[in-house]
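[1] below: sequence and its predicted model.
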Amino acid sequence: MFSASSVVANVSAGITTGLVNLVYGISFAAIIFSGDLARFFPQGLSISLIGATVTAIIVAWLSSFPFALAGSDPNSAAILGLVAVEIAQSLPNAESDAYLYPTVWATIIFSTLATGLLLFILGWFRLGRWVRFIPYPVIGGFLAGAGWLIASSSFKVMTGFSVSLETLPKFIQLETLSQWLLGLLFTVVLLFMVERYKYFWVLPSLLFVGTVCFDGMWGLIYTFSSQLNSQDYFFKPFPREQLWQAWQWSTFTHINWFIVIQQSGTVAAMTVIVMISILLNATGIELATSRSIDLNRELRANGIANLINGFCGGGISYLSIHRSLLNQQAGATSSLAAIIAGGFCGTTLIFGSSFLAYLPKTILGGLLLYLGLRLLIRWVYEAWFQLPLVDYLLIIVILIIIAIWGFLEGVGAGILIACFFFIFNYGRISGIKYSLSGATYRSNVQRSFPQRMCLHDEAGCIYILVLHGFIFFGTANDLLDEISDRLNNPDLPQLQFVVFDFRLVNGIDSSAVLSFMKLKQLAKNLHLNLVFTQLQPAIAEQLNQGGLILDKSNICFVFDDLDRGIEWCENRVLENKHMYDDESIPFQEQLQEFIPDDESVIKLMGYLEMLEVPEGKFLFRQGDLSNGLYFLASGQVSVVLELSNDQTKRLRTYNHGTILGEMGLYTHAPRSASVVADRLSYLYYLSTQAFEKIEIEDPQLASAVHKFIVSLLVERLKRCEKELKDLLQ
């Protein structure tokens, strides 16, 4: 429920911001319908006011912000002004009078509907965050170009013709000079006052005072000289019927659709600018008011508003950061204020425009010049102190291209240049995150002491490349260079296995597939094995289509993760040295690797309990109390983490001749993981009670066991330290 004070505050704020929105609407209509199109200004004003009315009400209703206010915007108005000029120049002379306004009107409506549809689709599919990936300098260049277009259009509003080399002599004529000099003076006042005094009422007050002063000065001068033409300085009042001319049947029948379609490229560029502007405005409001915001909701709200707006015959309008913050500062606490502001524009549209006879073109032109200069100051002057040189130069290049050749050309060039810089900078980043050796980076398979020593000496033939990012033609070539350098290094063991870990890779392109095919040919000639681990389905499909991964390939091999890929390589190394399957060694001989003293081994055997664990049976479960260690005499067991979704994840695998659960001798903490037999396994169990008995009965044997466990932990620590050093290189 609204309180009386809340209603008064919202009504007051709505009237204030409604007046500002009305002035903006008139100004932006003047941008589009000026010069040769000035005679269609009444119809252009109706397009602007319809947009300001419809979007203000709908965006206020659907937005995340209770004080959100939408309306006409200078960026789209400046671009549509260029479109209108191009249409006027493109029409044949025989059609220029009858077809000019209908074609311009159809283009504006088409752009409104296209913008609304794009915004709604982006919001519906929750794609708002992807717009943030547009390079910041490109956005700055767009806005600087829009500032230039608005600033140059302001002179057309004030004098009736655009700024160009051909029209420069006209600007120094006495009558024209007075028109734009007064507007420039008002712009200087706005720049000084608005930037110095950050109050919501400053801009509306200056507009009111400027209008009153100009009207008073005009009345005084006109009293003594009637030679001045009021139409050069004021908008001409017009009948209400002219506002609705677009809805006559003759307007629809005189649309040159070919020229409308010709402008589709510029319209597409403008929709992108509108999309960026909405997200920037929404983010700016979010920061200024410390409110969280749903960007996709704002896109949907503005999309729906412009779709309805387009069918009503209105021009592009959307969320405005300045008018929304002005609405909040004026006292708005709900959507009621924005609805009243929209209704203010709608009332003007319905009941007439006689007040336009008192609105000086000079004041409105000065307002537009102020808006354009603010953008130029922000992105040409202030950006010099805030951005790197390359980013700043990109903004200037886009601005120059827009000023000389046009907005669409500037947008296209900016995107191309930004893409070039992105490729150049990204290409300098290697696609290889880490390069490791199999001698130091091992699989999670615990092997017997002889096997560990063999891998320490021989596993340097395994070369591991951990890839990351997006692999394309630039970074893919780095892989070939890296492997070539490794092959040509005489100080390292001869290469037999190259392992590519794709865990951190989010995509590859066709040139990367070609590079891997070249590598496959090289591997075939040098008898290398290429191992690919943790491939995403899409990447695996690309490599398969390229002919790299084949079911019967004896060169390329694919594994689910890096651990299993390295395990396979280690097994091949052990096979080549005839050490892969050595389970025939008696357990007592295996113990001698840990405790060299034969007498101590015999004594220890008396304290051990032999266990037979069938395949698939758990030796102990996650959460069980630690109660001793296990010697794996034969078979294979795996340490697995039992997850909450009834699935397990392998942490480590133990082969014969290894020890597990050694911390159970020193702590009774619950087991952090489970151990399950991968195949029939035989283990010898030393319980904590048996070890305590050893400590009492044979301290020398207990010391030997302690020494062995310490040496085992030191070996693992050294291995981890070496792996860490390799990762940090």
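    All right, it came through fine. Numbers count the residues shown, from 1 in each chain.
[2] let me see the mean pLDDT of stretch 472-488.
    Averaged over stretch 472-488, pLDDT sits at 80.
[3] wait, Lys693 sits on Tyr607?
    Yes - with contact defined as Cβ atoms under 8 Å, Lys693 reaches Tyr607; the gap is 7.0 Å. Where you see a C-beta, it was placed from the backbone N, CA and C, and this is true even at glycine.
[4] neighbour-wise, which of these two wins?
    When Lys693 and Tyr607 are compared for neighbours, Tyr607 comes out ahead with 19 against 13, by other Cβ atoms under 10 Å.
[5] what about that one, distance to Ile694?
    As judged by Cβ to Cβ, to the nearest Å, Tyr607 and Ile694 stand 6 Å apart.
[6] how about Gly412?
    Distance from Gly412 to Ile694, by Cβ to Cβ: 81 Å.
[7] what of Val83?
    To Ile694, Val83 is 92 Å away according to Cβ to Cβ.
[8] the two: which is more packed in?
    Neighbours per residue, other Cβ under 10 Å: of Val83 and Ile694, the larger number sits with Val83, 24 against 20.
[9] packing partners of whatever helix or strand the more buried one lives in?
    For Val83, the host element (DSSP states H and E) is helix 74-90. On a contact count with 3 or more Cβ pairs under 8 Å, 6 or more residues apart in numbering; DSSP states H and E, helix 74-90 meets helix 4-32, helix 96-124, helix 136-159, helix 257-262, helix 264-289, helix 361-376, helix 407-427.
[10] take these and lay them out in JSON lines including distance to Asn506 and mean pLDDT.
    Formatted as JSON lines, these follow (distance: least, Cβ to Cβ, whole Å; pLDDT from 0 to 100):
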{"stretch": "helix 4-32", "distance to Asn506": "43", "mean pLDDT": "78"}
{"stretch": "helix 96-124", "distance to Asn506": "22", "mean pLDDT": "89"}
{"stretch": "helix 136-159", "distance to Asn506": "22", "mean pLDDT": "78"}
{"stretch": "helix 257-262", "distance to Asn506": "38", "mean pLDDT": "88"}
{"stretch": "helix 264-289", "distance to Asn506": "24", "mean pLDDT": "77"}
{"stretch": "helix 361-376", "distance to Asn506": "36", "mean pLDDT": "82"}
{"stretch": "helix 407-427", "distance to Asn506": "13", "mean pLDDT": "74"}
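[11] can you check which of these gets nearest to Gly616?
    helix 407-427 (48.4 Å; Cβ to Cβ).
[12] now the element after that closest one, going C-ward?
    strand 432-437.
[13] what about Gly342, how many neighbours?
    For Gly342, using other Cβ under 10 Å, the count is 28.
[14] would you say it is within a helix?
    Yes - counting by DSSP: H, G, I helix; E, B strand; the rest coil, Gly342 falls inside a helix.
[15] which of the three states applies to the closest residue to it other than its chain neighbours?
    Once flanking residues are discounted, Gly342 sits nearest to Ala56: 3.0 Å by Cβ to Cβ, 6 or more residues apart in numbering. Secondary structure, three-state DSSP: Ala56 is helix.
[16] same question, Ala702
    Going by three-state DSSP: Ala702 is helix.
[17] the closest residue to it other than its chain neighbours: neighbour count?
    Distances taken as Cβ to Cβ, 6+ apart put Glu695 closest to Ala702, at 4.3 Å, once the chain neighbours are dropped. Neighbours of Glu695 under the rule other Cβ under 10 Å: 14.
[18] give me the number of residues near the residue nearest to Gly342?
    The burial count for Ala56: 35, using other Cβ under 10 Å.
[19] now it: how far from Gly343?
    Per Cβ to Cβ, Ala56 is found 8 Å from Gly343.
[20] and what of Phe620?
    Distance from Phe620 to Gly343, by Cβ to Cβ: 75 Å.
[21] comparing these two, which shows the higher neighbour count?
    Using other Cβ under 10 Å, the more surrounded residue of Phe620 and Gly343 is Phe620, with 19 against 16.
[22] what sits against that one?
    If you count contacts by Cβ atoms under 8 Å, 6 or more residues apart in numbering, Phe620 has them with 661, 671, 674-675.
[23] name the residues linked to it by a beta bridge.
    Val675 (DSSP bridges).
[24] next, count neighbours for Pro490.
    By the criterion of other Cβ under 10 Å, Pro490 has 5 neighbours.
[25] next one, pLDDT for Leu356 please.
    66.
[26] again with Glu609
    Glu609 is given a pLDDT of 89.
[27] hang on, it packs against Ser687?
    Yes - the criterion here is Cβ under 8 Å, and Glu609 meets it with Ser687 at 7.2 Å.
[28] those two - which one has more neighbours?
    Each of Glu609 and Ser687 has its neighbours counted (other Cβ under 10 Å); Ser687 has more, 16 against 12.
[29] is it fair to say Ala633 lies in a helix?
    No - under three-state DSSP, Ala633 sits outside any helix and is assigned strand.
[30] the closest residue to it other than its chain neighbours: how many residues sit nearby?
    Excluding its sequence neighbours, the residue lying closest to Ala633 (Cβ to Cβ, 6+ apart) is Phe587, at 4.1 Å. Other residues within reach of Phe587 by the criterion other Cβ under 10 Å amount to 20.
[31] how about Leu436?
    21.
[32] likewise Ser324?
    For Ser324, using other Cβ under 10 Å, the count is 28.
[33] just to check, it is in contact with Phe67?
    Yes - taking contacts as Cβ under 8 Å, Ser324 lies within contact range of Phe67: 6.0 Å.
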